[in-house]
Each structure stands twice: as structure tokens, then as C-alpha cells.
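Chemist: Here is the input, now give the coordinates:
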Amino acid sequence: MGDHESSKLDHENHLLLDQPLLQLPVELLRKNLRSARFEVEKDGSFVKETLKKTATDSVNGRVSQADVVKTLDSMIARMRGVKRKLTAFAEEENRLHRHEEARARHLAELYTMYSVDDVKYEGWSRTRLDRLLIDYLLRQGYVGSARELAQARDIELLVDIDTFEQMNRIRQCILNGSVQEALAWCTAGDTKKELRKMDSNLEFMLRYQQYIEIVRNRKIDEAIAHARRYLAPYKKIYTKEYYNACGLAGMNQRDSDQVETYRELYSPKRWQMLADLFTSTHNSLLSLPPIPLLHIALSSGLSALKTPACHSIHPNAAAVPSHHTSLSLATSVCPICSKELNELARNVPHALHSKSHVEPDLLLLPNGRAYGEARLQECAKQAGLPPGQVKDLRTGDVYTVDQLKKVFIS
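Modeler: Residues are numbered from 1 along each chain as shown. Take a look at the predicted model:
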């Protein structure tokens, strides 16, 4: 009964990690719709105002017939441009719907399985692992490797390569000392309005960096004009940055190196800070987790297996089996206590175990370890020990039966 319960799939909890799988296409669909509406409203307002003005001027005789025809032709050309943009938005919407449909179908497959022992579950979990690996590769900038893995596994519709490719391209431009691409992203469509709702300081910091570079090149007049247009409106919000900007314009770079505040403004580390700020803002805007999903899954798995004994203060607590320990004994080592995972799991919390899985007839060894009596006898027999002796399954230390103590769980 216990084995059946442990192997039973809890579908709802199982899919907690897969929320971004469905959420990202929805966020992209919303963004695509907002961008399309922004273009229609912007160009529609322009055409309406132009048409109204042209009609009024024509009735009053202020423009010639040729000018009216010319204005109408320009409005028609502009609306054709809107049509081309809307066609692109429609194609993007269809692409996102295909992604959403494939992902919903993939997650629905899990509800046809009721146990981790199901043959189909192995294939499904393998696909999930491939998705987590691709997500990790994309976040680390390995877009080519992620694309090849997605094509090899035929899961292009289950991953978001284009989204992360655009993010990585803009991030790399920032690291290379250019903010133009990031600013274009901030001001595209109604992204600027969404960033304002989030109280994001990304656009201001990018404009601030532009100002620093202009001052670095000693183009003071251009820097003042830039500050008046882009920095002064945020004076009350970013007061410290604004006054630092004013002071920076009054000092040459050699003198500013003597003042820590201004030295930090000229520091190359600011580009890394801006790249990280862009990445976090991008992920927040699209409701993406701030860390790779692979890290979340790995942390959860390590926490589920970790026990207080895995990082005990006793010197032998995390010891691995000695060379004298047989292979059958080594296979019984706790995964978290293994050399590969012990340090990795050190800072993750312990899992909450509502049911005890302690072996019956526990015997306490002199080194503080406890094992079931049946398992100790079986392993002693396999190791070829004489009667009356047992061996620690992990350290290989040999003890006599007289040294063991019976353990009672209260």
C-alpha cells in the first residue's frame, strides 16, 4: 500500500514547475495584441485628423485639388503600411496559438498516467528534462546548442527559442557598450507603458548610461540637452542619480577618478549591471522565473532527499564507502551523501516528511550510525565476515555484535 501511494502521480503538484510553459505564450499573445492595437490607434488617429483637416481645407478652398489627391495618396500608403504590420501580427498570433496548443496537449498527456511506473511516464519525463535543459542553455546564451537539441528531440513548439534569442542579442549589445537596442525594446509598441506600470527603472538607467558616455566624450552641450530631455523629468524620483549627473558634467575624467561616486559611474562594471537589469526586467515583463527551471527542479529534488544526517557535524557523517566496502554496500549510500551531490545540497532546506521510513529492529553502531538488524546481517554475510561481526555499510568499519545497542523509536 505504501509503495502504491509513493508511486502515485499527483498531477496538480507535478505541474507546478510547468506553469511558465503555458504562461509565456499567453503573455506573448497579450503583448502581440497590445502592439497591434497600439499601431491601429496611432495610425488611425493620424489618418482621422489628416482627413478631417484636408476636408475642412478643401471646403474652404485653402488647398488645391492636386494637394488633396496627394494627401489622400499618403494616407492610403500609410494604411497599407498598417495592413502589412497587422499581417505580421496575425502570423505571430497564429504561431503562438500553435505553441499553446502543442503545450496544452503535452501537459494533458500527464493526466492519462496515474503512476510513475507507467511506461509512458518515462518518455514524458524525458521530454520534460529536455525542456529544462533547453531553458537552461537559452538563459546561459547557448542559443545554437538549444536549437539543435530542440530539433533533435522534435520539441520546437514546447520551447521559446525566439524569445530568449532576442533577449540574449540585446543583452550582448549592452555588454558590448551599446544601449540603442535595449532602448528600442523599451519603447517598442506599448512596452514603455507596461514598464511604467511595473515601476521599472530600466529606461531611465539606459538613458543615464547614455548621458555618462556623452560626458565621457566631453560633449557637454549635447549632454546638457540629453539631461534636460531624458533625466530632468525624473528628478524627483531619481534625485541622487540626477545630481550625480549634474556633478559629472562639471568634472573632467581625470579629476572624477579621485571621487568614488564619479569613479563608479565610469566603471566598466556598469555594463554588466545594466545587462542584468535588462534580463530581470525582461523576465518580469513576461512572467518568467528569475532563475532557470532546471535549478528549481534540482533544488526541489535535492531537498526531497536531504536529511539532517546528510550534513552532520560528526566527521564520518558525509564519508563515502571505503575501498574495502563491497559494491552491494556502496549502492545503499544516500544520494545526498555521495561525493557529487553532498556539497551541492548543503544550502537547500530539509524536506518535510510526514511519514517515517525508519527500518525495523534498528541497531546503533559505536560511530553513531543506525541500521536495520536484517540488513546488517545480510551485508556481513556478503562481505564474508565471521559470525558475531558486522560492518558499517558506508564507512566499512567492522564491529562486534556486543558493541551494538538496540534503538527504540519513541
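Chemist: In terms of secondary structure, what does the strand or helix carrying residue 35 contact?
Modeler: Take DSSP states H and E as the rule and residue 35 turns out to sit in helix 19-59. Judged by 3 or more C-beta pairs under 8 Å, 6 or more residues apart in numbering; DSSP states H and E, helix 19-59 is in contact with helix 65-110. C-beta: built from backbone N, CA, C; applies to glycine.
Chemist: Give the helix, strand or coil label for the nearest residue to residue 121 once chain neighbours are set aside.
Modeler: Here the nearest residue to residue 121 in space, its sequence neighbours aside, is residue 113; by C-beta to C-beta, 6 or more residues apart in numbering that works out to 4.9 Å. What DSSP: H, G, I helix; E, B strand; the rest coil gives for residue 113 is coil.
Chemist: Pull the number of nearby residues for residue 113.
Modeler: 18 (other C-beta atoms under 10 Å).
Chemist: Check residue 124 too.
Modeler: 16.
Chemist: tell me the mean pLDDT for the helix or strand where it lies?
Modeler: Per DSSP H and E, residue 124 falls inside helix 119-139. Helix 119-139 comes out with an average pLDDT of 93.
Chemist: roughly how far is it from the heart of the chain?
Modeler: 15 Å (C-alpha atoms, centre = their mean, to the nearest Å).
Chemist: Return the set of buried residues in that helix.
Modeler: Buried residues in helix 119-139, counted by 16 or more other C-beta atoms under 10 Å: 121, 124, 128, 130-139.
Chemist: and which of those is nearest residue 273?
Modeler: Lowest distance from residue 273 to the buried residues of helix 119-139 (C-beta to C-beta) belongs to residue 139, with 18.0 Å.
Chemist: Test my guess that that closest one contacts residue 163.
Modeler: No. Using C-beta atoms under 8 Å, residue 139 is not in contact with residue 163, being 11.1 Å away.
Chemist: Let me see the backbone angles for residue 287.
Modeler: phi 60, psi 40 (degrees, to the nearest 10).
Chemist: can you pull the contacts of it?
Modeler: Taking C-beta atoms under 8 Å, 6 or more residues apart in numbering, we find residue 287 in contact with 20, 23-24, 27.
Chemist: which of those residues sit farthest apart?
Modeler: Of all pairs in the contacts of residue 287, the most separated under C-beta to C-beta is 20 and 27 at 9.3 Å.
Chemist: is it true that the residue nearest to residue 121 touches residue 122?
Modeler: No. The pair residue 113 / residue 122 is not scored as a contact, 9.9 Å apart, by C-beta under 8 Å.
Chemist: any idea how far residue 8 is from residue 352?
Modeler: To residue 352, residue 8 is 18 Å away according to C-beta to C-beta, to the nearest Å.
Chemist: between those two, which one's more packed in?
Modeler: Remark: of residue 8 and residue 352, residue 8 carries more neighbours, 12 against 7, as counted by other C-beta under 10 Å.
Chemist: Just list whatever residues bridge to that one.
Modeler: residue 115 (DSSP bridges).
Chemist: looking at it, it is touching residue 113, isn't it?
Modeler: No. Residue 8 is not in contact with residue 113 according to C-beta under 8 Å; the separation is 10.3 Å.
Chemist: Show me where this protein dips below the pLDDT cut-off.
Modeler: Along the chain, the parts satisfying pLDDT under 70 run over 1-6, 253, 312-333, 353-357, 410.
Chemist: three-state assignment of the residue of it most remote from its centre?
Modeler: Centroid-distance maximum for the chain: residue 61 at 61.9 Å, with C-alpha atoms, centre = their mean. Under three-state DSSP, the three-state class of residue 61 is coil.
Chemist: From residue 67, how far off is it?
Modeler: Counting by C-beta to C-beta - residue 61 and residue 67 are separated by 11 Å.
Chemist: Could you do residue 113 as well?
Modeler: For residue 113, the distance to residue 67 - C-beta to C-beta - is 71 Å.
Chemist: Residue 23 now?
Modeler: 52 Å.
Chemist: And for residue 51?
Modeler: Applying C-beta to C-beta to residue 51 and residue 67 gives a distance of 14 Å.
Chemist: sorry, back to before: the buried residues of helix 119-139 into TSV, with extra columns for distance to residue 232?
Modeler: Shown next, in TSV, are the buried residues of helix 119-139 (distance: C-beta to C-beta, whole Å):
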residue	distance to residue 232
121	60
124	56
128	51
130	51
131	47
132	46
133	47
134	45
135	41
136	42
137	43
138	39
139	37
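Chemist: Kindly indicate which of the residues you listed lies nearest residue 45.
Modeler: residue 138 (38.3 Å).
Chemist: so what's that closest one closest to, chain neighbours aside?
Modeler: Closest residue to residue 138 apart from its sequence neighbours, by C-beta to C-beta, 6+ apart: residue 164 at 3.7 Å.
Chemist: The one you found: what secondary structure?
Modeler: Under three-state DSSP, residue 164 comes out as helix.
Chemist: oh, and call the first residue 44 from now on, that's how I've got it
Modeler: OK, 44 is where the count begins now, so the last one is residue 207.
Chemist: what's the neighbour count on it?
Modeler: Residues near residue 207, counting by other C-beta under 10 Å: 23.
Chemist: For it, give its distance to residue 179.
Modeler: Taken as C-beta to C-beta, the span from residue 207 to residue 179 is 11 Å.
Chemist: One more: residue 71?
Modeler: For residue 71 relative to residue 179 (C-beta to C-beta), the value is 20 Å.
Chemist: Return the set of buried residues in stretch 294-304.
Modeler: Applying 16+ other C-beta under 10 Å to stretch 294-304 flags residue 299 as buried.
Chemist: What lies in contact with that stretch?
Modeler: 259, 261, 287, 290-291, 305-306, 308-309.
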